[in-house]
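Got a predicted model here, sequence first, then my questions.
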Amino acid sequence: MSCRSECIWVELIAGSRKTSNFCWAFIIFLGSLGFLLVGISSYLGRNLLSLFPSQQILFFPQGIVMSFYGIAGVFISSYLWCTIFWNVGSGYDRFDKKAGIVCIFRWGFPGKNRRIFLRFLIKDIQSIRIEVQEGIYTRRILYMEIMGQGAIPLTRTDENLTSREIEQKAAELASFLRVPIEVL
């Protein structure tokens, strides 16, 4: 989503609160809970899951391994739920021609560097660059080349834009900033 006027362009960046992340966190949690319950059932000698006769599983080594997988899955799903809750990766890109400033803001993980804020002068922008990697995992990423600073990514690496969409986005931004486009 973006808002534009003659002098200001603000583009909102979606973070971790996506449907796919909710689904993966929920699926991993349920699977790990199942593994953990089967491992605990084999240790206790009781059937905690009515769908699966866990008395047939010996605690050593199968029950220990299933408990380990269950604990690992709980940690992974907790990590996913935390990134969703904190909305890691969300933020905005703000291009202000009137002030001559570009501001890039992203939310990170809690701590000292929770807020990631970059500020550049528009006159230091050399170009807008499109990087395309074709193959099994096609990636199309939009970068902003800053003089003496390198390339700053403007799109998420998991954002699957078509060639037409990324080219249109690059052309509009380059036209707004009055800089050239590079294609790699």
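Perfect, thanks for sending it. Numbering: from 1, shown residues only.

Paired strands for the helix or strand bottoming out on mean pLDDT in the chain, with orientation please.
Across the helices and strands of the chain, the lowest-confidence element by mean pLDDT, DSSP states H and E is strand 2-4, at a mean of 77. The partner list of strand 2-4 in its sheet, established with DSSP bridges, is strand 8-13 (antiparallel).

Going by neighbour count, list what's buried in the partner strand.
Going by neighbour count (16 or more other CB atoms under 10 Å), the buried part of strand 8-13 is 9, 11, 13. Where you see a C-beta, it was placed from the backbone N, CA and C, and this is true even at glycine.

CA atoms only: put it into CSV for me.
Provided in CSV are the C-alpha atoms of strand 8-13 (Å, rounded to 0.1, in the frame of the first residue of the first chain):
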residue,chain,number,x,y,z
ILE,A,8,5.8,12.9,-0.7
TRP,A,9,5.6,9.2,-1.4
VAL,A,10,5.0,6.8,1.6
GLU,A,11,5.0,3.1,1.1
LEU,A,12,3.8,0.8,3.9
ILE,A,13,5.7,-2.4,4.3
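
Quick one: mean pLDDT over that strand.
Per-residue pLDDT over strand 8-13 has a mean of 91.

Check the offset of it from the chain's centre.
Centroid displacement of strand 8-13 relative to its chain, using CA atoms, centre = their mean, to the nearest Å, is 18 Å.

For Phe35, which residues are in contact?
For Phe35, the contacting residues are 66-67, 69-70, 73, taking CB atoms under 8 Å, 6 or more residues apart in numbering as the criterion.

Quick check: helices, which of those residues are part of them?
Among these, the subset assigned to helices under DSSP state H consists of 66-67, 69-70, 73.

Out of these, who's the most crowded?
With neighbours defined as other CB atoms under 10 Å, the most crowded of the ones in helices among the contacts of Phe35 is Met66; it has 23 neighbours.

Now name the helix or strand holding the closest residue to it other than its chain neighbours.
Taking CB to CB, 6 or more residues apart in numbering, and ignoring the residues beside it in sequence, Met66 has Gly39 as its nearest neighbour in space, at 3.9 Å. Using DSSP states H and E, Gly39 sits within helix 19-44.
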